[in-house]
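Chemist: here is a sequence with its predicted model. Questions after.
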Amino acid sequence: MGRLALEGVKKSFGGVDVIRGVDLAIRDGEFVVMVGPSGCGKSTLLRLIAGLEPVTAGRIEIDGRDVTALEPVDRRLAMVFQSYALYPHMTVRGNMAFGLETARVPKPEIDAKVAEAARILALEPLLDRLPKQLSGGQRQRVAIGRAIVRDPVAFLFDEPLSNLDAALRVQTRHEIAKLHRSLGRTAVYVTHDQVEAMTLADRIVVMDAGSVRQFDTPEALYHRPADLFVAQFIGSPK
Ligand code: ADP
Ligand code: MG
């Protein structure tokens, strides 16, 4: 569970090619970080995987099943954005439960899932608070909690830490790493922060202008960059 495959995925907006034929095979449980300069198509690729945008060409598979034409809800992926997008009038508990309530999941099951997510993310003391009573890091944890309760086959993160100050960013990065170790769930994580990429990733996708330049382990990218672009982007000595 949690294998993702992209084959020849392309996306254009109004005739402009933004994703230019991407092939990727992501293993079950793998933590894949996507890096590349601003505007190279990272968010777009994540949105294509999530089904928030239709592909112009190509195919997306989850666990061997073609999901290219499926709605986001049928792909069973959870997306965590940089803006937390919490409902301001709902408590932490309410925010985490909302998606399950609309999906008509039975109440005892919702309570169990929210309790489990709150335990994993150390949100138990905060369950009755409103978003405005939380710090930025706590809000981002609630957003992650909202993703966890849906029991997704994979998590998609788009620069989840970029709104946090430096100290909180480090702390939340450690929490995300811990979360991944405990759940073992596939993650695709976009960032422009090299430290985040190097410390979180099993493998890193280096993108440039809508194409994948290299997809390999942090060590391999550092020691054996495919080209000068990758070397400069990763900051390797070559
Ligand atoms: P990144 O996340 O790597 O910074 P994006 O995926 O957000 O890059 O954007 C890649 C390119 O696609 C940019 O040039 C952006 O302006 C363009 N783009 C993204 N979304 C849209 C859209 N909905 N309509 C038109 N152009 C878009
Ligand atoms: Mg982006």
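Modeler: That came through fine. Ligands and ions are numbered 1, 2, ... in the order given.

Chemist: when you work out contacts or count neighbours from here on, use the C-alpha atoms and nothing else.
Modeler: Will do.

Chemist: and the next element down the chain from the longest helix anywhere in the chain?
Modeler: In the chain, assigned by DSSP state H, the helix with the most residues is helix 166-183. For helix 166-183, the following helix or strand on the C-terminal side (DSSP states H and E) is strand 186-190.

Chemist: beyond that following strand, next helix or strand please.
Modeler: Downstream of strand 186-190 (by DSSP H and E), the next one is helix 194-200.

Chemist: check which residues of that following helix are buried.
Modeler: Buried residues in helix 194-200, counting neighbours by 16 or more other CA atoms under 10 Å, are found at 196, 197, 198, 200.

Chemist: and for stretch 117-127?
Modeler: 117, 118, 120, 121, 123, 124, 126, 127.

Chemist: can you tell me the element residue 99 falls in?
Modeler: helix 92-102.

Chemist: the longest helix of the chain: how far from the chain's middle?
Modeler: Relative to the centre of its chain, helix 166-183 is centred 13 Å away, using CA atoms, centre = their mean, to the nearest Å.

Chemist: name the residues that touch it?
Modeler: 31, 120, 121, 137, 141, 161, 162, 187, 196, 200 (CA atoms under 8 Å, 6 or more residues apart in numbering).

Chemist: now the strands: where do they sit in the chain?
Modeler: 4-13, 16-26, 31-35, 57-62, 65-66, 77-80, 154-158, 186-190, 203-208, 211-216 (DSSP state E).

Chemist: what distance do you get for residue 131 to ligand 1?
Modeler: 26 Å (CA to the nearest ligand atom, to the nearest Å).

Chemist: not counting its neighbours along the chain, what's nearest residue 144?
Modeler: residue 80 (6.3 Å; CA to CA, 6 or more residues apart in numbering).

Chemist: beta partners of that neighbour?
Modeler: Taking DSSP bridges, one finds residue 157 as the beta-bridge partners of residue 80.

Chemist: and the gap between residue 148 and ligand 1?
Modeler: In terms of CA to the nearest ligand atom, residue 148 sits 23 Å off from ligand 1.

Chemist: could you do residue 146 as well?
Modeler: Per CA to the nearest ligand atom, residue 146 is found 23 Å from ligand 1.

Chemist: distance of that residue from residue 49?
Modeler: 19 Å (CA to CA, to the nearest Å).

Chemist: list the buried ones in the longest helix of the chain?
Modeler: 168, 169, 172, 173, 175, 176, 179, 180.

Chemist: may I see these organised as JSON lines, with distance to ligand 1 and pLDDT added?
Modeler: Below are these laid out as JSON lines (distance: CA to the nearest ligand atom, whole Å; pLDDT from 0 to 100):
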{"residue": "168", "distance to ligand 1": "22", "pLDDT": "85"}
{"residue": "169", "distance to ligand 1": "19", "pLDDT": "88"}
{"residue": "172", "distance to ligand 1": "21", "pLDDT": "86"}
{"residue": "173", "distance to ligand 1": "19", "pLDDT": "91"}
{"residue": "175", "distance to ligand 1": "23", "pLDDT": "86"}
{"residue": "176", "distance to ligand 1": "20", "pLDDT": "90"}
{"residue": "179", "distance to ligand 1": "24", "pLDDT": "88"}
{"residue": "180", "distance to ligand 1": "23", "pLDDT": "92"}
